[in-house]
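Peer 1: fold the following, please.
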Amino acid sequence: MNRPSKNVLGSDVEIKGNIKFTGELTLDGKLEGEVHTDGTLNLGDSAVVNGNINAQTVVVRGKVNGNINAKDKIEIKAKAELFGDIRAAKLAIEEGVTFVGRTEVNPNKVMPVPPLPRTGEAPKPPEPAKAVR
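Peer 2: Sure, this is the predicted structure:
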């Protein structure tokens, strides 16, 4: 059987550069760079990431300064700190989290439809384009 690999980078690890992996990675150390995976990234209590994260699933317990894009789910656990925008199909945020950024949660992967004007109101015409010099 070919099981997905489980990798651990402990709290004494510091990496400058990008990480790519398959399977599952638990990071407790420091990363200055980006993460790209079709697997699961677990950030432990002492993890510090300065960079963007693209993954299937992300569980945040430490600190992230960057954007997170997850194809499936983002879980932000209590006491985590996240400064950046997040995009995922599913999102779970526990009480006690510090989060500064924007969220886009779209489980159906369908573009949102703008709300229709209320009855009796005419829709606003688009503003004409302005020339930039």
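Peer 1: residues near Asn108, how many?
Peer 2: Residues near Asn108, counting by other C-beta atoms under 10 Å, number 7. (Each C-beta comes from the backbone N, C-alpha and C, glycine too.)
Peer 1: would you mind measuring from Asn67 to Thr22?
Peer 2: Per C-beta to C-beta, to the nearest Å, Asn67 is found 22 Å from Thr22.
Peer 1: more crowded one of those two?
Peer 2: Set Asn67 next to Thr22 and count neighbours by other C-beta under 10 Å: Asn67 wins out with 18 against 12.
Peer 1: so what's the most centrally placed residue in the chain bridging to?
Peer 2: Nearest residue to the geometric centre of the chain (C-alpha atoms, centre = their mean): Ile68, 2.1 Å. Per DSSP bridges, the residues bridged to Ile68 are Ile53, Ile86.
Peer 1: any idea what Ile93 is bridged to?
Peer 2: Assigned bridge partners for Ile93, using DSSP bridges, are Ile76.
Peer 1: kindly report the same for Leu31.
Peer 2: Ile15, Val49.
Peer 1: pretty sure it is touching Gly51, no?
Peer 2: Yes: applying C-beta atoms under 8 Å, one finds Leu31 in contact with Gly51, separated by 6.5 Å.
Peer 1: quick one, which of those two is more surrounded?
Peer 2: Leu31 (24 against 18).
Peer 1: so what's that one up against?
Peer 2: Listed by C-beta atoms under 8 Å, 6 or more residues apart in numbering, the contact set of Leu31 reads 14-15, 19, 47-51.
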